[in-house]
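Asker: Structure for the following, please:
(chains A and B)
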Amino acid sequence: MSRRPRYYGLMAEFDNPTAIVAATRRAYAEGYRQMDTYTPFPVEGLAEELRFHHTRVPLIVLIGGLIGCFGGFFLQLWLAGPYWPLNIGGRPLNSWPAFIPVTFELTVLCAAIAALIGMLALNGLPKPYHPVFNVPRFALASQDRFFLCIEASDPRFDRARTRDFLESLSPREVSDVES
Amino acid sequence: MVLTIAIPLRSYYGLEDLVTLRHLDNCGKLMLVTGLIVDYGYMCEIFLSWYSKDEFEWFMTRNRIFGPYWMVFWSVMLCNVVATQFLWSRRIRRSPVALFLLSLVINTGMWVERYMIVVTSLTRDFMPSAWGQYAGTIWDYAVFIGTLGFFVMMMFLFVRLLPAISISEVRTLLPQAEVKEEAEEVVS
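Answerer: Numbering: from 1, shown residues only, chains lettered A, B, ... in the order given. Got it, this is the predicted structure:
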């Protein structure tokens, strides 16, 4: 089995948030799409530069809420009626007005659980390994450095040309990322 | 309850930029929705008790509303049904003082509701020989005040020792994080 490391991409290091936003915009204009940025704090406008605003979490929450709503209501209906009919003070088996609060609460519960699990499923957290960790200086991403990584999976990626492009953005350093 | 804690904390520590009026407004809406669900619960309970035509249950309901503890029932209605309706007003939802007072009223109402559930059910058992009247003694109230003190102590310890506001969210507000216009100048 070959131990030769596969190639993940090229990473440029910047020392201020303005530079990373400008660099990301230039990279997008250049046609790069498979890229990501790593910063010590949320930088305003960076997500927009990456065109990173579509997320499917709201849809997952809606589906979770609907499951909770119908599941909760029909669970009560089924338990109180066909499964285990109980005569409680002569009330009809389908006492639906009493089922509403539980239905509401299960809707909220399932929507909240769907939001949490959906968020984790979509962003892949917790993630103990990521190729960018192979760059020694990447540890600074949680202190005072800003990183832009263009991934090798991008169709416009070319090792030499992309490196030249990143160098033209006057970063502190451009490093290869092995995976 | 969240508002009862968040509003004083917000003004004491000057967190107006982190816990904004919009957050309070949304909390107010949430409180209104949950309040309406609670109102529905009360209505449903009374309706089903009447609808069942069960003599004992209907007696329990009437006893609760008009019996010796009528004041407990009506203060629950005042605190949890009438007071929450103020939250329909946007002006009240965006006024921290009004929201704080309302949250205190609703907290009281929720406590009184527990009192109603426990006390009125226990004072009128199925056997009239077990009937009685209950009123809290000084020791009951001393224990109750003690629990409040314990809660406040734990709350203060939490605020002192742990980050009450998410650190990464605070970082979004750093001046360094707002660089969009600057970046536009660099590119052009």
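Asker: Which positions in the strand or helix carrying residue B:111 come out as buried?
Answerer: Here residue B:111 is covered by helix B:96-115, with elements defined by DSSP states H and E. Neighbour counts over helix B:96-115 (16 or more other C-beta atoms under 10 Å in any protein chain shown) mark B:96, B:98-103, B:105-106, B:108-109, B:112-113 as buried. Backbone N, C-alpha and C define where each C-beta goes, glycine included.
Asker: before we move on, what about stretch A:25-37?
Answerer: A:25, A:26, A:27, A:32, A:35, A:36, A:37.
Asker: Inside strands: which ones of the residues you listed?
Answerer: Those of those mapping onto strands are A:35, A:36, A:37, per DSSP state E.
Asker: What is the least confident helix or strand in chain A?
Answerer: One helix or strand of chain A scores below all others by mean pLDDT, DSSP states H and E: helix A:46-49, with a mean of 76.
Asker: Return the list of helices and strands in contact with it.
Answerer: Packed against helix A:46-49 by the contact rule (3 or more C-beta pairs under 8 Å, 6 or more residues apart in numbering or on different chains; DSSP states H and E) you find helix A:17-29.
Asker: quick one: the helix it packs on to chain centroid distance?
Answerer: 21 Å (C-alpha atoms, centre = their mean, to the nearest Å).
Asker: top helix in chain B by residue count?
Answerer: Counting residues, the longest helix in chain B under DSSP state H turns out to be helix B:21-51.
Asker: Next up, the contacts around the nearest residue to residue B:49 once chain neighbours are set aside.
Answerer: For residue B:49, ignoring the flanking residues on the chain, the nearest one in space by C-beta to C-beta, 6 or more residues apart in numbering or on different chains is residue B:61 at 4.3 Å. For residue B:61, the contacting residues are B:45, B:46, B:49, B:50, by C-beta atoms under 8 Å, 6 or more residues apart in numbering or on different chains.
Asker: how about the residues you listed in TSV, adding pLDDT?
Answerer: As requested, the contacts of residue B:61 are exported to TSV (pLDDT from 0 to 100):
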residue	pLDDT
B:45	90
B:46	92
B:49	89
B:50	90
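Asker: Filter those residues down to the buried ones, ChimeraX style.
Answerer: Selection of buried members from those for ChimeraX, criterion 16+ other C-beta under 10 Å:
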select /B:49
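Asker: What's the local residue count around residue B:40?
Answerer: 14 (other C-beta atoms under 10 Å in any protein chain shown).
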